[in-house]
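S.K.: Sequence first, predicted model second:
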Number of protein chains: 2
Amino acid sequence: MDDEDLRQTISDAAPETEATEEEAHLGLSDAFIREVQDLLDEGALDAIRALCADLAATDMAELLTKTTADTREALVEVLGDLIEPETFSYLDYDIRHNLFQAMPAPRIATIVNALDSDDAISLINDLEDDRRGEILRHLSRRVRAAVEEGLSFDEDSAGRLMQREFVAVPQFWTIGKTVDYLRAAAANLPTTFHDLYIVDPAHHFAGSIPLSRVLCAQRSTRVDTLIEEDQVTIPVTMDREQVAHLFRRKDLLSVPVVDDDGKLIGMITVDDIVDVIDEEAEEDIMRLGGVSDSDIYRPAVATARARASWLGINLVTAVLASMVIAQFEGAIAKIVALATLMPIVASMGGNAGTQTMTVVIRALATKELSSSNTWRMVGKEFAVGSMNGALFAALMGSLVWWWYEDPYLGGVIAAAMLVNLMAAGLSGILIPLGLQRVGFDPAPSAGVFLTTVTDVVGFLAFLGLAAALLL
Amino acid sequence: MDDEDLRQTISDAAPETEATEEEAHLGLSDAFIREVQDLLDEGALDAIRALCADLAATDMAELLTKTTADTREALVEVLGDLIEPETFSYLDYDIRHNLFQAMPAPRIATIVNALDSDDAISLINDLEDDRRGEILRHLSRRVRAAVEEGLSFDEDSAGRLMQREFVAVPQFWTIGKTVDYLRAAAANLPTTFHDLYIVDPAHHFAGSIPLSRVLCAQRSTRVDTLIEEDQVTIPVTMDREQVAHLFRRKDLLSVPVVDDDGKLIGMITVDDIVDVIDEEAEEDIMRLGGVSDSDIYRPAVATARARASWLGINLVTAVLASMVIAQFEGAIAKIVALATLMPIVASMGGNAGTQTMTVVIRALATKELSSSNTWRMVGKEFAVGSMNGALFAALMGSLVWWWYEDPYLGGVIAAAMLVNLMAAGLSGILIPLGLQRVGFDPAPSAGVFLTTVTDVVGFLAFLGLAAALLL
């Protein structure tokens, strides 16, 4: 049955779910997912199996991801071996966790045995400790050894990211001998590889050659004459963010991983790096938004609990700011307009500070901000805060003068606005820099400190000036 | 002079700047940048040239990026042809713009002529209209044709991203003939390529074969027998975000780009996609933070102006919220504690809503949220808001009861907190979904609408309940 026939079968089973080929590569249609759900409700299990037999692992993962928890477990039962092992690598942590809890250890072990070593390691790593031992015992000896070695590396290190499958030949070989070897050994090589690695007799890394250069070279050429200058290797302990930075800088496809002695022990490929880049960006976005990580597949109770800790910290901040206000209750009782206007000053400071902080945190993550340009940036952010402070001071001052027909109240809010936007510019850059300097990741915590500063300075400047000048 | 000698020369010129080889791949040291700056101040131009002669394009770009505008222009003069043309592709838009303004058109044309077609197009695209025509006239005929064709495609389309350099052979060739051809034509092929493309006699795309499969196949094999099922092609009009989504889903290295007739016209490679992914993530992060894009290389005045529009929108929001407060000035005058406590309710709502909004906007960007699971998510976010609302209502209610020794005031703030956190959960998901539905990108604007809702609901619930129950 060829591809055309197979697609025909699928479209027979569910006529309305057929998508153009181009759309099919971009993901499942909602109609397809509903169709599966309907068939499941009708108990038409054979029809589901026929419909899903042809799904690629990424599509199967999407199907399992977008259905409810109950449907998901039922589908895993119904589809059984039709689910390719790689599917489980593509699932979100929370979803996989729930599916594995309902699955006997030998079945999980069968899945892990079929994966590339890097995927096997990350899957085992996500298991709870007691479950992990049980499943390790059911693994094949080869996979178990690879997994146990992999787990010995630090969680964010190159050692976790690398796969142990790569293609290396001795430096004294010719292109002819290499090509003959590759043709003869094809069945035992990784299905795809991007670069040919060259090693010396002690298996030390000697160089890497892009396959396009191997293909274009004459048979008589010695492989080591094709090795270019500026070879990149990654020590097994390097942090994965640094590995990603390296791939970006050098436009690499694969990089050899070496141990302390320079021995070639693994390879990291660009598709793993694309995942790392996505995860790091996601982490930054989530942390700036006050969420520990993407929780869309977690049940409501667990989500609420995870988010509560961040809200708790913000409550402390908010109470702190309101204690500042409490100091001026006397002034507010006399001029109640102060209560109406004070949130404006605080909110503008918070927003201006967040703008600066966002740019700074991103520049720190991409290493665009370093000691050579830090002070220039601090000066610039202070200047930006002063300029926008002056602009909005003038605007808000005039508005309040007109609104309350009180030039003095207008002057006070203008002064407070200027002070708070200057403070926001400075703290927007100094807080993340300071957190980084003392060894904290600025993304999750800088926002709390920042709004504390802009709230406190905003209320203090506005209410303090009002109390001093207007009473 | 081999690599070792060259590094020796550099370290002689600036002994303190030598880094380990591993560090060198990750970027320039601050000491190196300072050294260049010092040499420039001393007027030791030959020493600068010796020090920088060996820099890779990415390192040169980093050097130019991290120095001040004056130093940058001076360095471009001093280094001249030592700056590889690719260097300019790696520069930030603002920096390149300033350098090009001071550069004669023929020199820019020489740079553009030496670039790959995709880089040439994006560089010309960034120029101002009048400058663009002038430089186009100085380009070689071949590059000019490629650039003009490229510029005819939509800015965010695959046509802009693709390069016109790729390797394709007829479908009836054998591996043997292909390899012989590649070896003979090596000098005229792209320096590296990742996949071999197969075309029919009319130059329609017929399939793509990873080079590792080409290398491992027997000489007598016909190339078209190696083509696997599930071939991916990209229409020249596809949006670049969709292209990136496709690379992620399929772990691709390169993808052929075809025109309306299915003719092979270009290739997009994974390193361009890594850049797209970085840019899209950066865009999302910046917009959530209220910044149009990363502005760290822009002068203070331009930065202030760009950020002011966002602050202006926020000012409107803040004034709206304060108009709600103004309705209750009578209540505040009687119970001044209301002024102290009201920012807490608004701020908790804003933070809880931002948590939901961050998760939702990210899920929309990664296509994890679609019509099949939308209503489940809305229900969940309302549940999360209710649970955390109840928790913080209890906490804050007790605190205020104890603080002001007033159980009724405690009850009012508890009720307002619950209402506002439920509203925050709902609007955190419904606002971005609604914006997306009516065709707006939710990232830049959802936050403004959200804080308007949480501020207004927070003040209204708290002050309204207080006015109704406590006066």
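M.R.: Perfect, I can see it now.
S.K.: From here on, just use CA atoms for contacts and neighbour counts.
M.R.: Will do.
S.K.: quick one: the stretch of helix or strand A:A302 belongs to near chain B?
M.R.: Element membership of A:A302 [criterion: DSSP states H and E] is helix A:300-326. Yes: Helix A:300-326 comes into contact with chain B (Cα under 8 Å from any Cα of the partner chain), by way of A:300-301, A:303-305, A:307-308, A:311, A:314-315, A:318-319, A:322-323, A:325-326.
S.K.: how about A:F153, secondary structure?
M.R.: Per DSSP: H, G, I helix; E, B strand; the rest coil, the secondary structure class of A:F153 is coil.
S.K.: Leaving aside the residues adjacent along the chain, what's closest to it?
M.R.: A:G159 (5.6 Å; Cα to Cα, 6 or more residues apart in numbering or on different chains).
S.K.: circling back to that earlier point, ok, of the residues of helix A:300-326 next to chain B, which come out buried?
M.R.: Neighbour counting with 16 or more other Cα atoms under 10 Å in any protein chain shown marks A:300, A:303-304, A:307-308, A:311, A:314-315, A:318-319, A:322, A:325-326 as buried within the residues of helix A:300-326 next to chain B.
S.K.: got JSON lines for the residues you listed, with pLDDT and distance to A:L182 too?
M.R.: Listed next are those as JSON lines, based on pLDDT from 0 to 100; distance: Cα to Cα, whole Å:
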{"residue": "A:A300", "pLDDT": "90", "distance to A:L182": "53"}
{"residue": "A:T303", "pLDDT": "92", "distance to A:L182": "51"}
{"residue": "A:A304", "pLDDT": "93", "distance to A:L182": "55"}
{"residue": "A:R307", "pLDDT": "93", "distance to A:L182": "53"}
{"residue": "A:A308", "pLDDT": "94", "distance to A:L182": "57"}
{"residue": "A:L311", "pLDDT": "93", "distance to A:L182": "58"}
{"residue": "A:N314", "pLDDT": "92", "distance to A:L182": "60"}
{"residue": "A:L315", "pLDDT": "94", "distance to A:L182": "64"}
{"residue": "A:A318", "pLDDT": "94", "distance to A:L182": "66"}
{"residue": "A:V319", "pLDDT": "95", "distance to A:L182": "69"}
{"residue": "A:S322", "pLDDT": "95", "distance to A:L182": "72"}
{"residue": "A:I325", "pLDDT": "96", "distance to A:L182": "76"}
{"residue": "A:A326", "pLDDT": "95", "distance to A:L182": "78"}
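S.K.: Put together a markdown table for those, with distance to A:V360 on each row.
M.R.: Formatted as a markdown table, those follow (distance: Cα to Cα, whole Å):
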| residue | distance to A:V360 |
| --- | --- |
| A:A300 | 33 |
| A:T303 | 29 |
| A:A304 | 30 |
| A:R307 | 25 |
| A:A308 | 27 |
| A:L311 | 24 |
| A:N314 | 22 |
| A:L315 | 25 |
| A:A318 | 24 |
| A:V319 | 27 |
| A:S322 | 28 |
| A:I325 | 30 |
| A:A326 | 33 |
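S.K.: closest to A:F462 among these?
M.R.: A:I325 (10.1 Å; Cα to Cα).
S.K.: List the contacts of the residue lying closest to A:D195 once chain neighbours are set aside.
M.R.: Once flanking residues are discounted, A:D195 sits nearest to A:P210: 4.5 Å by Cα to Cα, 6+ apart. By Cα atoms under 8 Å, 6 or more residues apart in numbering or on different chains, the contact set of A:P210 is A:H194, A:D195, A:L196, B:T192.
S.K.: Tell me the most packed of the residues you listed, by neighbour count.
M.R.: Greatest neighbour count in those, by other Cα atoms under 10 Å in any protein chain shown, goes to A:D195: 27 neighbours.
S.K.: what are the ranges of the strands in the stretch 101-250 of chain A?
M.R.: A:168-170, A:195-199, A:205-210, A:234-235 (DSSP state E, counting those that start in this stretch).
S.K.: before we move on, the earlier item: need the contact partners of whichever helix or strand comes after the helix holding A:A302.
M.R.: Counting by DSSP H and E, the element after helix A:300-326 in chain order, helix or strand, is helix A:329-334. Helix A:329-334 is contacted by residues A:338-339, A:463, A:466-467, A:471, B:332-334, B:336-337, B:339-340 when judged by Cα under 8 Å, 6+ apart.
S.K.: After helix A:329-334, which helix or strand is next? Please name it.
M.R.: Counting by DSSP H and E, what follows helix A:329-334 is helix A:337-365.
S.K.: Which strands or helices does that next one pack on?
M.R.: helix A:407-437, helix A:442-470, helix B:270-288, helix B:300-326, helix B:329-334 (3 or more Cα pairs under 8 Å, 6 or more residues apart in numbering or on different chains; DSSP states H and E).
S.K.: what about the ones you listed, which gets the closest to A:D118?
M.R.: Closest approach to A:D118 among the helices and strands packed on helix A:337-365 is made by helix B:270-288 (20.5 Å; Cα to Cα).
S.K.: is the closest one up against chain A anywhere?
M.R.: Yes: for a cut-off given as Cα under 8 Å from any Cα, helix B:270-288 has contacts with chain A, namely B:V270, B:D271, B:V274, B:D275, B:I277, B:D278, B:A281, B:E282, B:D284, B:I285, B:M286.
S.K.: Most neighbours among these, which one?
M.R.: Ranking those using other Cα under 10 Å puts B:I285 first, with 30 neighbours.
S.K.: Helix or strand for A:K367, just tell me which one.
M.R.: Going by DSSP H and E, A:K367 is not in any helix or strand.
S.K.: OK, contacts around it?
M.R.: A:K367 neighbours (Cα under 8 Å, 6+ apart): none.
S.K.: Of the residues of helix B:270-288 next to chain A, which is the nearest to B:D130?
M.R.: Lowest distance from B:D130 to these (Cα to Cα) belongs to B:D275, with 28.1 Å.
S.K.: Pick out the lowest-pLDDT one from the contacts of helix A:329-334.
M.R.: Among those, A:L471 has the lowest pLDDT, at 86.
S.K.: excluding its backbone neighbours, what's nearest the residue in the stretch 351-471 of chain A that chain B sits nearest to?
M.R.: Nearest to chain B in the stretch 351-471 of chain A, going by Cα to the nearest Cα, is A:V384, at a distance of 5.0 Å. Nearest non-adjacent residue to A:V384, counting by Cα to Cα, 6+ apart: B:A304, 5.0 Å away.
S.K.: and if you look at A:M286?
M.R.: Spatial nearest neighbour of A:M286, excluding adjacent residues (Cα to Cα, 6+ apart): A:D293 at 5.7 Å.
S.K.: So what's the residue count around that neighbour?
M.R.: By other Cα under 10 Å, 17 other residues sit near A:D293.
S.K.: doesn't A:L264 fall inside a strand?
M.R.: Yes: assigned with three-state DSSP, A:L264 falls within a strand.
S.K.: Domain ranges for chain A, per the record?
M.R.: Domain assignment for chain A by automatic domain parsing gives A:3-155, A:168-270, A:300-470.
S.K.: Please identify the most buried of the ones you listed.
M.R.: domain A:300-470 (a mean of 21; mean count of other Cα atoms under 10 Å in any protein chain shown).
S.K.: Between the two ends of it, how far is it?
M.R.: 50 Å (Cα to Cα, to the nearest Å).
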